[in-house]
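# give me the fold of what follows.
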Amino acid sequence: MATGLINMSALPPRVAFFGNNCKVLECLSSVSDIIAVFTRPDDGRDKNVTMVKDYSSPLGIPVFQPTKKELFSYTDFLQKADLDLIIVCGYKFIIPKEIFLIPGSGTINIHPSMLPRYRGQHVINWAIINGETETGVTLHFMDETLDTGDIIVQKAVPIDFEDSANDLHDRIYEEACCLLRQLLIDFSNGKRLERKSQVSLNATFFKPRKPEDGLIEWDKSSLEIYNLIRALSKPWPGAYTYFKGYKVVIWKAHLGEHKNATDHGKVINASDGYLQVSTYDGQIIITDHEIVYEKDTTEVLKFKKGDFFQ
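Here you go, the predicted structure:
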């Protein structure tokens, strides 16, 4: 049989999906029989959860939104579902052993890096912040330790100098869908899932980013500041600074002239929608920013040459 063709006599695998990535869910639904979807509880802030629910409902796929404690109560349901696989992508909670060992062929996690490098959370953002020029995506078996399970398949993804975290996120998960689709087609046709142990000596691990990690330090290099800004641009909370006690979120910027400066964070030039700010080795040109005012504030801030960010 030619590679990529589906054997119509083969039954699609029975799977449960844990996560909030609708693109991956759509891919999964095209090559598998989705028994259930598990996503995070609604908090009114995550549009991805709404997209997952809106996609699943017309297809008659049940959606469950348990808290971390409630997740254990679904063990019996999943045991009776006769699952071949569980597929995980961006699920909020760590899935307990009692659940990820249920499927006959294992639980597969989709991780946005070339494991064992960049284990942990928010690794798309961290890769850009750290100035990486390449990352990737890995499909691996889940085990009891975060992102340490055997690798099934992975693919490198370049990081362009102009990429925002959202640009990179979308490109990574496009590749993830290609890998997942082919993996499930092969699985349906009886191909055994390959597995390769990770070399832990090569591992790097990153903790979740905290809001305060987005604070811009103007005495850093222009490149470091630029990387921070593009790594945290929308839909992430944004890199930020302060001016006269007000928070200023920087959504978009590019590098300016390269030269040493003693006045870090100084506004060199200002006009509507444009700010030229000094760093220790050059300048950052800000083309999109937002001033966060308090609800009862009537003051309107204007930047001018010679102002300083805090």
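# neighbours of the residue lying closest to Thr204 once chain neighbours are set aside, how many?
For Thr204, ignoring the flanking residues on the chain, the nearest one in space by C-beta to C-beta, 6 or more residues apart in numbering is Arg117 at 5.1 Å. Bear in mind the C-beta positions are built from the backbone N, C-alpha and C, glycine included. Residues lying near Arg117 (other C-beta atoms under 10 Å) number 18.
# skipping its backbone neighbours, what lies nearest Gly265 in space?
Leaving aside its sequence neighbours, Gly265 sits nearest to Trp218 (C-beta to C-beta, 6+ apart; 3.3 Å).
# which residues sit in contact with the one you found?
Counting by C-beta atoms under 8 Å, 6 or more residues apart in numbering, Trp218 touches Ile225, Thr241, His264, Gly265, Val277, Ser278, Thr279, Tyr280, Phe309.
# for it, give its distance to Trp251.
Computed as C-beta to C-beta, to the nearest Å, the Trp218 to Trp251 distance reads 17 Å.
# so in the protein, where's the weakest helix or strand by average pLDDT?
Sorting the helices and strands of the chain by mean pLDDT, DSSP states H and E puts strand 267-271 at the bottom, at a mean of 91.
# against which helices or strands is that strand packed?
Here strand 267-271 touches strand 274-278, going by 3 or more C-beta pairs under 8 Å, 6 or more residues apart in numbering; DSSP states H and E.
# how far off strand 267-271 does the next helix or strand along the chain from the strand it packs on point, in degrees?
Next helix or strand after strand 274-278 toward the C-terminus (DSSP states H and E): strand 282-292. Relative orientation of strand 282-292 versus strand 267-271 (axes from the mean of the first three to the mean of the last three C-alpha atoms, to 10 degrees): 50 degrees.
# need the contact partners of stretch 177-195.
Outside stretch 177-195, the residues that touch it by C-beta under 8 Å, 6+ apart are 1, 4-7, 10-13, 23-24, 26-28, 30-32, 84-85, 87, 105-106, 108, 110, 137, 139, 141, 150-155.
# tell me the buried residues within those residues.
When the contacts of stretch 177-195 are checked for burial by 16 or more other C-beta atoms under 10 Å, the buried set is 12-13, 23-24, 27-28, 31-32, 84-85, 87, 106, 108, 110, 137, 139, 141, 150-154.
# give me the distance from the top strand by length along the chain to the chain's centre.
Counting by DSSP state E, the longest strand found in the chain is strand 246-258. Relative to the chain's own centre, strand 246-258 is displaced by 22 Å; criterion: C-alpha atoms, centre = their mean, to the nearest Å.
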